[in-house]
Structure formats: structure tokens, C-alpha cells
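A.B. asks: any chance you can model this:
(2 chains)
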Amino acid sequence: EPEVTQTPSHQVTQMGQEVILRCVPISNHLYFYWYRQILGQKVEFLVSFYNNEISEKSEIFDDQFSVERPDGSNFTLKIRSTKLEDSAMYFCASSVSGSTDTQYFGPGTRLTVL
Amino acid sequence: EDQVTQSPEALRLQEGESSSLNCSYTVSGLRGLFWYRQDPGKGPEFLFTLYSAGEEKEKERLKATLTKKESFLHITAPKPEDSATYLCAVVLMFSGGYNKLIFGAGTRLAVHP
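C.D. replies: This next block holds a predicted model:
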């Protein structure tokens, strides 16, 4: 069964460093999303992406964050200058369409900022 | 403000002891509601989508129902492998067809033999 994959599973970085989290969405899906979950808290929406453009972003998704689909398979989240409060699980999700279609989630990348 | 509230926060059951989890929501125009299961350190695993009041979906020991203000996840004769956090999420739509999910905090279910 097709699934969303994410790499790395765990990333440790120093405060102020740039990190890139990678995702491979399900192959026939056209809409892509990033969510994050701080330990013990709710899953929070960060950004949705379609047709090589951001379609919606939350207030969390400030200028330090960017997303890109560099090729036909990968979808990346870049954090330019990490802060301690960026420590969280980051989940990529994808869906066939952007309506009420099911979003399928990857296993997540645990980001630890020291 | 769009909000999703799940109760209880935690639930401990004996194997075989049926129960229900609640998800109540206040959103402007519900377009859909999802139930996911999340194991520790893992991503949410899709269970059900419900679109309109009165709709029901079933899968093995789980049954999800939807009213105009809340959804229930009924667990019949649970087994220890049903232990997980169950997440409810509502779909918010935006012009252009884009959407995002608003999640509740989840219910941590522990089923003991």
C-alpha cells in the first residue's frame, strides 16, 4: 500500500542552524501539507502546497520557514535559523485533491534543537 | 474561533469493556471530520472520514458516528492492541478548494488484559 515517507526520522541541530526535512508524498497525490506536534500538544497545521505554490499557511509559518518541491517526488520543509521552540515532531501529509479528501500522514521527523 | 475538543483526555479499559470517545466541535461550516489513530512517536494513521450528520462508518471493533455538533468513536470489546491516542480533526475549507485540518488534543486509550 502506498505511503508517505519522511527523512530523517530524527534530526538534532544547534540553535541558529538551518535544517531541511524531507518527505516523499504518495505518488498520485497533488496536495501536500506540513504539520507539527510539540511534545504533549495538539497536531498543528503549518502549510499546504499545491501546483508549486503555498495555498494556505498558519501564523506559525513565518519567514523562517519555507517549502519546496524540488523535483517530481520530494517535498521539503526548510527552517532557516532554528530556535529552541522549533523542537517538535514534523509530519508531512498528502491528499489526492484539496477538497475534503483524506490526508495521509508520514511517520514524522523528530527535530531537536539544542 | 474554530475549535475541536476531545473527551476524555485519557481512558483506561479492561479488555472487552466497550466505551465511547467524544469529539465536539465549533467550526463555521463543517465540511468533514476525520478520525486518526496515533501510536507513540508515530504519525497519525487514518481511520474514518465522516461528511454529514447521521453518517456512520465501521472498521473491525471501531464505529464512528457524526451529529451536527459532535462525533463519537465507539470501541466494542477492545483488545490491548487498540491502545493508542485517538485523534479527531475537522476540515476547514478555503476559497480555491484548499483545506486544512484542525485537530483535537486526542484521547489516550489504554486497554489492559
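A.B. asks: could I get the phi/psi values of B:P80?
C.D. replies: The phi/psi pair for B:P80 (degrees, to the nearest 10) reads phi -50, psi -30.
A.B. asks: with adjacent residues omitted, what lies nearest to it?
C.D. replies: Closest residue to B:P80 apart from its sequence neighbours, by Cβ to Cβ, 6 or more residues apart in numbering or on different chains: B:V111 at 5.0 Å. In this view, the C-beta of every residue, glycine as well, is placed from N, C-alpha and C.
A.B. asks: contacts only, for that neighbour.
C.D. replies: B:L13, B:Q14, B:E15, B:P78, B:K79, B:P80, B:E81, B:D82, B:S83 (Cβ atoms under 8 Å, 6 or more residues apart in numbering or on different chains).
A.B. asks: for chain B, what are the nearby residues on chain A?
C.D. replies: Contacts of chain A with chain B, taken as Cβ under 8 Å from any Cβ of the partner chain, map to A:4, A:6, A:31, A:33, A:35, A:41-45, A:48, A:50, A:55-56, A:58, A:89, A:91, A:97-100, A:102-108, A:110.
A.B. asks: buried members of those residues into PyMOL, please.
C.D. replies: A single PyMOL command selects the buried members of the residues of chain A next to chain B (16 or more other Cβ atoms under 10 Å in any protein chain shown):
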select buried, chain A and resi 4+6+31+33+35+42+43+44+45+48+50+55+56+58+89+91+98+100+102+103+104+105+106+107+108+110
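A.B. asks: quick revisit: mind checking the SS state of the residue nearest to B:P80?
C.D. replies: What DSSP: H, G, I helix; E, B strand; the rest coil gives for B:V111 is strand.
A.B. asks: ok, what's across the strand from it?
C.D. replies: For B:V111, the beta-bridge partners under DSSP bridges are B:L13.
A.B. asks: can you check B:S71 too?
C.D. replies: Following DSSP bridges, B:S71 is listed with bridge partners B:C23, B:L66.
A.B. asks: quick check, it in contact with B:A64.
C.D. replies: Yes: counting by Cβ atoms under 8 Å, B:S71 touches B:A64, with 6.3 Å between them.
A.B. asks: joint contacts of these two?
C.D. replies: B:W35, B:L50.
A.B. asks: quick revisit: check what pLDDT the residue nearest to B:P80 gets.
C.D. replies: If you check B:V111, the pLDDT there is 97.
A.B. asks: likewise B:V27?
C.D. replies: For B:V27, pLDDT reads 81.
A.B. asks: so who does the closest residue in space to it that isn't next to it in sequence touch?
C.D. replies: Counting by Cβ to Cβ, 6+ apart, B:V27 lies nearest to B:D2, which is 4.4 Å off, once chain neighbours are set aside. Residues near B:D2 by Cβ under 8 Å, 6+ apart: B:Y25, B:T26, B:V27, B:S28, B:V90, B:L92, B:I102.
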